[in-house]
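[1] let's see this in three dimensions:
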Amino acid sequence: MATSGEGNDLRKVLDYCRRSFVYVGLFSLFINLLMLVPPLYMLQVYDRVITTRSQETLLMLTLVVVFLFVVMGALELVRSRILVRVGNRLDVLISPRLYSAMFKRSLVTPGKPSAQPLNDLTTLRQFLSGNGLFAFFDAPWVPVYIGVLALFHPWFGLFALGAGLILATIALINEKTTKKLLADANGQHVMSQDLANSNLRNAEVLHAMGMLPGIQGRWAARHREYLVLQSKASDRAGLLTNTSKVLRLMFQSLILGLGAYLVLAGDLTPGMMIAGSILMGRALAPIDQMINGWKGFSGARTARARLEELLDAVPADAPSMPLPKPKGRLSLEAVNAAPPGERLATLKDINLSVAKGEHIAVVGPSAAGKSTLARVVLGLWPVQLGSVRLDGADIGQWERTALGPHLGYLPQDIELFDGSIAENIARFQEVDAQLVVQAAQRAGVHEMVLRLPQGYDTWLSHGGAALSAGQRQRIGLARALYGQPVLVVLDEPDANLDESGEQALAECLIRLRQEGTTALIITHRQRLLQHVDRILVLNDGQVASLAPPTRVPPVARAVAGAGRTGPTPGSQRVTTLRPSARGRHEGGEETPS
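    This is a model prediction of the structure:
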């Protein structure tokens, strides 16, 4: 796919499918020509066969008509199959780009993931491959049918023209009166679905604390608004649709009456009268189809608009020249950054240089910017000012699929995916059994996995719900260490670990230092501070201190233990600090961290 600078990707895919639409239009040409067969057959039967009483003529006409109907059925079948394949081609060509755009949007709008774009693609594909689109291919033939009626008699042509204009006006009124309502209803439906998905992801919390009635009420209010808007649009569309249907049937009957009058006046034959009624129905059918299928068309149009908005907002990655394998030297130069969508900087003027193989512990009070620093270092969140460099190259210059295998990341919230433990550790690449076991051993989780019923083949589903939080965290650590990454970022890696897990983590950090792996460890545990080269203290998004553990001010050690309540295995006694009247920190009594 081309970059967004060369045009909208969805529009390009539709243009690429244009040749297929041309073929559909060509088949529609012959189908609509064959639609003239029934009225012409009636014309010949009434005006030739009945008057001449020739059975041979009737037989030949019938055989020809049957053959032409078989041809028309075959053309209809081919036309519908072409549209089905056009829809599938559209899906195959745009879905990888769309999935990538959804993925990137979830990075820049954390906390609001949604699979709605895939539903929008399904809506668009179903419309393009369904019968609703046929009306738009058949509509250009309405003037042809009206012209044939005019050849029968000018009054036939004028009557059909007036009827067509009336139904077309109803179609336009239907568009004007329902467009905004349907768009608003679709928007409310999307938001209510996203809210329901979010609630389902947190079902345990809602059930445990009895929050279901309140949260269900919020969803119900949004869903009710969708139903109200949908009902208003459906009521208006239903009124116009039924009016169109009644008028079409009435016009077909009235043209039969007009034909009878002209027959009585000697200006028309009985065959033309019957054929004119059939042609009238065929001339008005595409307009009636468009009115009946307007809801599907409106939904497809709204879905396309949302897809184009997403693809325009999240451009495709431009191809970049591959860079050499990184070695792990990291530097932050006057970095100011904030969560996506926020203007107020969470990190302010951060300068940091980390040598290859160096381990830095990041500590600080809540909302100090520690997790923001982790995401900025990995290139997940963009910087407002400054730059983050890996081996001298800006992190944004690296091709993510090429850089990713050399990075390890353990977030606070561990998410495992549907698949085996081995596949999760191998990052869903081709499973290398030796590397999987090696990563598990480095994370100290190999023995734990072997105790599971199917070992590394144990299947995880629903985010690894069958595992404890500590087990998920340790498997997540093994995933972060898979393939011997050169830079590892661990955000609260000990948050859910017991004493044996903490001991395994400490041994893992020692091995990483020996192997020369650069690491940033965000932690509140004193135990991990013994295994780092320097401690970075963040306070209100700024560097308050950066020094080796032996030279860290007491405030840093106090902050490192502040995230835990009560003594923890292996914790040290540290000096807690309280603010003085002048705002400085003064020493207090010693308490367990």
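
[2] now what about the helix or strand hosting K12, what contacts it?
    Using DSSP states H and E, the element containing K12 is helix 9-16. For helix 9-16, contacts defined as CB atoms under 8 Å, 6 or more residues apart in numbering pick out M1, A2, L90, L93, I94, R97, R304, L307, E308, L311, A316. (C-beta placed from N, C-alpha, C; glycine too.)

[3] following element in sequence after it, please.
    Past helix 9-16, the next helix or strand by DSSP H and E is helix 18-34.

[4] list the buried residues of that next one.
    Using 16 or more other CB atoms under 10 Å as the test for burial, helix 18-34 gives S20, F21, V24, F27, S28, I31, N32, L34.

[5] which one of those is nearest Y46?
    Within those, the smallest distance to Y46 is 20.2 Å, found for L34 (CB to CB).

[6] looks like that closest one contacts V71 (just checking).
    Yes: using CB atoms under 8 Å, L34 is in contact with V71, at 6.7 Å.

[7] returning to that earlier point: next step: the contacts of helix 9-16 restricted to helices.
    Using DSSP state H, the members of those that fall in helices are L90, L93, I94, R97, R304, L307, E308, L311.

[8] any of these buried? List them.
    With neighbours counted by 16+ other CB under 10 Å, the ones in helices among the contacts of helix 9-16 contain buried members at L90, L93, I94, R97, R304, L307, L311.

[9] could you dump the helix holding K12 to PDB, C-alpha only?
    C-alpha atoms of helix 9-16 as PDB (Å, rounded to 0.1, in the frame of the first residue of the first chain):
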ATOM      1  CA  ASP A   9      -5.800   3.800   0.700                       C
ATOM      2  CA  LEU A  10      -9.500   2.700   0.700                       C
ATOM      3  CA  ARG A  11     -10.200   4.800  -2.400                       C
ATOM      4  CA  LYS A  12      -7.200   3.300  -4.100                       C
ATOM      5  CA  VAL A  13      -8.400  -0.200  -3.400                       C
ATOM      6  CA  LEU A  14     -11.900   0.700  -4.800                       C
ATOM      7  CA  ASP A  15     -10.200   2.200  -7.800                       C
ATOM      8  CA  TYR A  16      -8.200  -1.100  -8.200                       C
END
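
[10] buried stuff in it?
    D9, L10, K12, V13, L14.

[11] and for stretch 363-380?
    Buried, per 16+ other CB under 10 Å, within stretch 363-380: 363-364, 368-380.

[12] same question, stretch 297-306
    For stretch 297-306, by 16+ other CB under 10 Å, it's F297, S298, G299, A300, R301, T302, A303, R304, R306.

[13] which residue comes closest to the last one once chain neighbours are left out?
    Nearest-residue entry for R306: D120, 5.2 Å, with adjacent residues in sequence omitted and distances by CB to CB, 6 or more residues apart in numbering.

[14] domain-wise, how is this structure divided?
    With domains defined by automatic domain parsing, the chain comprises 4-313, 330-412+485-592.

[15] wait, what's in contact with L181?
    Shown in contact with L181 (CB under 8 Å, 6+ apart): L229, Q230, K232, A233, R236.

[16] how about stretch 146-161: buried residues?
    I146, V148, L149, A150, F152, H153, W155, F156, G157, F159, A160, L161.

[17] what of stretch 343-362?
    For stretch 343-362, by 16+ other CB under 10 Å, it's 345-348, 350, 352, 354, 357-362.

[18] same question for stretch 49-63.
    V49, L58, L61.

[19] likewise for stretch 117-126?
    By 16+ other CB under 10 Å, the buried positions in stretch 117-126 come out as P117, D120, L121, T123, L124, R125.

[20] distance of the fifth one from E342?
    The one in question is L124. L124 sits at a distance of 33 Å from E342 (criterion: CB to CB, to the nearest Å).

[21] E415 should be in a strand, yeah?
    No: E415 is assigned coil when assessed by DSSP: H, G, I helix; E, B strand; the rest coil, not a strand.

[22] for D317, see how far away it is.
    Taking CB to CB, one finds E415 at 24 Å from D317.

[23] more neighbours: which of those two?
    D317 (13 against 10; other CB atoms under 10 Å).

[24] phi and psi next, for that one.
    Dihedral angles of D317 (phi, psi; degrees, to the nearest 10) stand at phi -70, psi 130.

[25] and if you look at the one 3 residues further on?
    Note on S320: its backbone torsions stand at phi -130, psi 160 [degrees, to the nearest 10].

[26] which SSE is the residue nearest to R306 in?
    Going by DSSP H and E, D120 is in helix 116-128.

[27] which elements pack onto that helix?
    helix 55-108, helix 154-201, helix 294-313 (3 or more CB pairs under 8 Å, 6 or more residues apart in numbering; DSSP states H and E).

[28] how about a cut-off of 6 Å?
    Judged by 3 or more CB pairs under 6 Å, 6 or more residues apart in numbering; DSSP states H and E, the packing partners of helix 116-128 are helix 55-108, helix 294-313.

[29] and these as TSV, adding mean pLDDT?
    Output for these, formatted as TSV (pLDDT from 0 to 100):
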stretch	mean pLDDT
helix 55-108	87
helix 294-313	83
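
[30] may I see those helices organised as CSV, with distance to K325 added?
    Output for these, formatted as CSV (distance: least, CB to CB, whole Å):
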stretch, distance to K325
helix 55-108, 24
helix 294-313, 32
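
[31] among those, single out whichever gets nearest to S331.
    helix 55-108 (22.6 Å).

[32] out of the buried residues of helix 9-16, who's nearest I274?
    Using CB to CB, L14 comes nearest to I274 of those, at 42.4 Å.

[33] report the separation between the closest one and A233.
    L14 is 26 Å from A233, by CB to CB.

[34] dump the buried residues of stretch 146-161 into a markdown table; add distance to L477 and pLDDT as well.
    Listed next are those as a markdown table, based on distance: CB to CB, whole Å; pLDDT from 0 to 100:
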| residue | distance to L477 | pLDDT |
| --- | --- | --- |
| I146 | 74 | 89 |
| V148 | 76 | 88 |
| L149 | 78 | 88 |
| A150 | 80 | 90 |
| F152 | 82 | 88 |
| H153 | 85 | 89 |
| W155 | 85 | 92 |
| F156 | 81 | 90 |
| G157 | 80 | 89 |
| F159 | 79 | 91 |
| A160 | 75 | 89 |
| L161 | 76 | 90 |
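
[35] mean confidence score for stretch 352-364?
    Averaging pLDDT along stretch 352-364 gives 91.

[36] how far does that stretch sit from the chain's center?
    On the basis of CA atoms, centre = their mean, to the nearest Å, stretch 352-364 sits 36 Å off its chain's mean C-alpha point.

[37] contacts for it, please.
    327-332, 370, 513, 516, 518-522, 529, 532-539, 556, 559-560 (CB atoms under 6 Å, 6 or more residues apart in numbering).

[38] which among those residues end up buried?
    328-332, 370, 513, 518-522, 529, 532, 534-539, 556, 559-560.

[39] mind checking which of the residues you listed land in strands?
    Assigned to strands by DSSP state E, the following of those qualify: 330-332, 518-522, 534-539.

[40] next, give me the two most distant ones among those residues.
    T518 and N539 (23.8 Å).

[41] for V377, give me its contacts.
    By CB under 6 Å, 6+ apart, V377 lies in contact with V489.

[42] hmm, back to that, looking at the contacts of L181, which has the most residues close by?
    Greatest neighbour count in the contacts of L181, by other CB under 10 Å, goes to A233: 24 neighbours.

[43] wait, that residue sits on L182?
    Yes: at 4.8 Å, A233 and L182 qualify as touching, with contact defined as CB atoms under 6 Å.

[44] quick one on the thing from earlier: just the closest of the contacts of L181 to H189, please.
    After measuring the contacts of L181 against H189 - CB to CB - the closest member comes out as Q230, at 7.7 Å.
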